[in-house]
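S.K.: Got a predicted model here, sequence first, then my questions.
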Amino acid sequence: MRRLALLAPLLLLAAAPATPQATDWAPVRTAWNKPLAPFRIAGKVYYVGTAGISAYLITDPKGHVLIDGALSESVPQIVANIRALGFRVEDVRVLLINHAHFDHADGLAELKRLTGGRLLASAADKPDLERGSTAGRADLAPFAPVRVDRVIGEGSHVRVGATDLVTHLTPGHTRGCTSWSMAVREGGKPLRVLFACSLSVAGQDLTGGAGYPNAVADFRRTFAALRRMRTDVFLNFHPGAFGMDAKRAKLAAGDPLAFVDPGELARQVAAAETGFETELARQNKKRQ
């Protein structure tokens, strides 16, 4: 029942019509912002987000990387979670954002102020982040504008100390949707981790309008690129989208490799592609 409750906001986002102020986001934000205790996933990767929005801390003695800003009201939780793990918020050197929707970008400005870290983002998401709204998506809530310090592209390395994240542009959900991969070790075992940007359509216009005429081609290129990748640990930016609660329960029960599933990326891509093609057909039929 708890998993269904947390998935409900995702379903609402997916069904939101592209009309101004079409959705009352207040109850969705409340559901997404429920607290969750932080924990270590594998290696030096920690979960520091809320019950409904993922945020990840990658630690290093020379500084940390924080991926995702969640909502503005999530910031106190993220800060408290980092501190509860024994790390200093002020040691975050780099902030990353998986895509420029309000539920991932709204907390960035405040997190940037608190950490003093530099924000890195894709060229396609940079204008939305600095404007504080998602182009062509009047149905989505605005968010706090934030300045991008460095643009990163396909294959860019994000390095802090021994941390080395490789950037993968995976557009579709937004024009600048970005994923990262990195290597970690858990119990002496080398693992490949993927921080995957959202793969769902989530209300995106696929008919060539609403400010994103290349959405269909971008989705298909992203699916093809991800099918060529191999990963052991698949992470996403909404816990309900990758079954985090069940994996976390296994982790708490003593399984240090609870998040390891080399087949999950292929299953996620196949499911997302099926959902995309179904939604594309629905939108094309409606347009006729």
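M.R.: Arrived safely, thanks for sending.
S.K.: From the centroid of the protein, which residue is nearest?
M.R.: Computing the C-alpha centroid of the chain and ranking residues by Cα atoms, centre = their mean puts residue 237 first, at 3.3 Å.
S.K.: Double-check that that residue belongs to a helix.
M.R.: No - counting by DSSP: H, G, I helix; E, B strand; the rest coil, residue 237 is not part of a helix but coil.
S.K.: I'd guessed residue 280 sits against residue 220; true?
M.R.: No - at 9.8 Å, residue 280 does not count as touching residue 220 under the criterion of Cβ atoms under 8 Å. Every C-beta, even on glycine, is put in place using the N, C-alpha and C of the backbone.
S.K.: Could you pull out the strands in the stretch 101-250 of the chain for me?
M.R.: 118-121, 150-151, 157-160, 163-169, 178-186, 189-195, 233-235 (DSSP state E, counting those that start in this stretch).
S.K.: how many neighbours does the closest residue to residue 211 other than its chain neighbours have?
M.R.: Leaving aside its chain neighbours, residue 211 sits nearest to residue 136 (2.6 Å; criterion: Cβ to Cβ, 6 or more residues apart in numbering). Neighbour count for residue 136, taken as other Cβ atoms under 10 Å: 19.
S.K.: ok, residue 136 to residue 208 distance?
M.R.: For residue 136, the distance to residue 208 (Cβ to Cβ, to the nearest Å) stands at 11 Å.
S.K.: So, low pLDDT: which residues of this protein?
M.R.: The chain contains residues with pLDDT under 70 at 1-22, 210.
S.K.: Show me the contact partners of the longest helix seen in it.
M.R.: If you go by DSSP state H, the chain has its longest helix at helix 264-287. Contacts with helix 264-287, where a contact means Cβ atoms under 8 Å, 6 or more residues apart in numbering, come from 172, 194, 196, 199-201, 205-207, 216, 219, 223, 226-227, 229-231, 234, 236, 242.
S.K.: Pull out the buried residues from it.
M.R.: Judged by neighbour count (16 or more other Cβ atoms under 10 Å), helix 264-287 contains these buried residues: 264, 265, 268, 269, 272, 273, 276, 277, 279, 280.
S.K.: rewinding a little: just say which of the strands of the stretch 101-250 of the chain is most tucked in.
M.R.: Of the strands of the stretch 101-250 of the chain, the one with the most neighbours on average (mean count of other Cβ atoms under 10 Å) is strand 233-235, at a mean of 25.
S.K.: Which strands or helices does that strand pack on?
M.R.: Packing partners of strand 233-235 (3 or more Cβ pairs under 8 Å, 6 or more residues apart in numbering; DSSP states H and E): strand 39-42, strand 189-195, helix 264-287.
S.K.: Of the ones you listed, which is nearest residue 103?
M.R.: Checking these against residue 103 by Cβ to Cβ gives strand 189-195 as the closest, at 15.9 Å.
S.K.: quick revisit: which residues sit in contact with the nearest residue to the residue nearest to the centre of the chain once chain neighbours are set aside?
M.R.: Residue nearest to residue 237 in three dimensions, not counting chain neighbours: residue 54, with 4.5 Å by Cβ to Cβ, 6+ apart. With contacts defined as Cβ under 8 Å, 6+ apart, the neighbours of residue 54 are 47, 68, 235, 236, 237, 238, 239, 244.
S.K.: which two of those residues lie the greatest distance from each other?
M.R.: Of all the pairs that the contacts of residue 54 form, the one spanning the most space (Cβ to Cβ) is 68 and 244, at 13.7 Å.
S.K.: quick one on the thing from earlier: what's the distance between the residue nearest to residue 237 and residue 138?
M.R.: 26 Å.
S.K.: What's the local residue count around residue 87?
M.R.: Neighbours of residue 87 (other Cβ under 10 Å): 17.
S.K.: ugh, wrong one, residue 40
M.R.: Counted with other Cβ under 10 Å, residue 40 comes out at 15.
S.K.: Verify the stated contact: the residue nearest to the centre of the chain with residue 202.
M.R.: No - counting by Cβ under 8 Å, residue 202 is not a contact partner of residue 237; they are 11.8 Å apart.
S.K.: Run the chain-centre distance for stretch 168-188.
M.R.: 9 Å (Cα atoms, centre = their mean, to the nearest Å).
S.K.: And for stretch 91-111?
M.R.: So, by Cα atoms, centre = their mean, the centroid of stretch 91-111 is 10 Å from its chain's centroid.
S.K.: So which bits of that stretch are buried?
M.R.: 91-111.
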